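>>> Have a look; sequence and predicted model below, questions after that.
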Amino acid sequence: MLDEDVKEILGIIKSYPLVIYKIDANYINPPTYESDELYNLAKELEDLAYPTRENDYAKIYYNFFCPVKLKNSIIRFIPIGLAYLKKYDTYEIFINTRGKIEIKRGNKEADKFIKNLLLRAISFSKFQINRGLIITTDYIER
């Protein structure tokens, strides 16, 4: 990555503080957030890409990333998947190695970590689209 790319990515990371391991996510009993604000952010993320798969029940997106800075100041990317379940009007976000969360419409206050996760993914996706930045396996956090 170019130095200017690194600076912009660090700016995205600083703009949306996030402690990825404090996000409650689980594949078996995923937490559900009922927030119009989070729902609209998930919709905004969805609008940035074409579905990887789509059928009558769901639209699935596999290629989003959340940039993170490791302790040694190295930038890595956590893969994030997004699914829109048409019948239930619900989004599911899959966070690599962590699990998934569900987002529905509702009037509850937005969880700050989930909000920052979505904002960081949206900002990075826009940056990635504008720069034509390709994420290779060397940069993906496992």
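Cool, the structure landed.
>>> So which elements touch the top helix by length along the chain?
Secondary structure assigned by DSSP state H gives helix 112-131 as the longest helix of the chain. Helices and strands touching helix 112-131, as assessed by 3 or more CB pairs under 8 Å, 6 or more residues apart in numbering; DSSP states H and E, comprise helix 3-15, helix 36-46, strand 58-69, strand 75-85, strand 90-95. Backbone N, C-alpha and C define where each C-beta goes, glycine included.
>>> Now for residue 104: which residues touch it?
Contact analysis of residue 104 by CB atoms under 8 Å, 6 or more residues apart in numbering lists 32-34, 39, 88-91.
>>> In this protein, where is pLDDT below threshold?
Across the chain, the ranges flagged by pLDDT under 70 are 1, 141-142.
>>> Mind doing that once more with 80?
Filtered on pLDDT under 80, the chain yields the residue ranges 1-3, 20-27, 72-73, 97, 136, 138-139, 141-142.
>>> if we can go back for a sec, which one of the contacts of residue 104 is nearest residue 14?
residue 33 (24.1 Å; CB to CB).
>>> shouldn't that closest one be in contact with residue 111?
Yes. Here residue 33 reaches residue 111: they are 5.7 Å apart, a contact under CB atoms under 8 Å.
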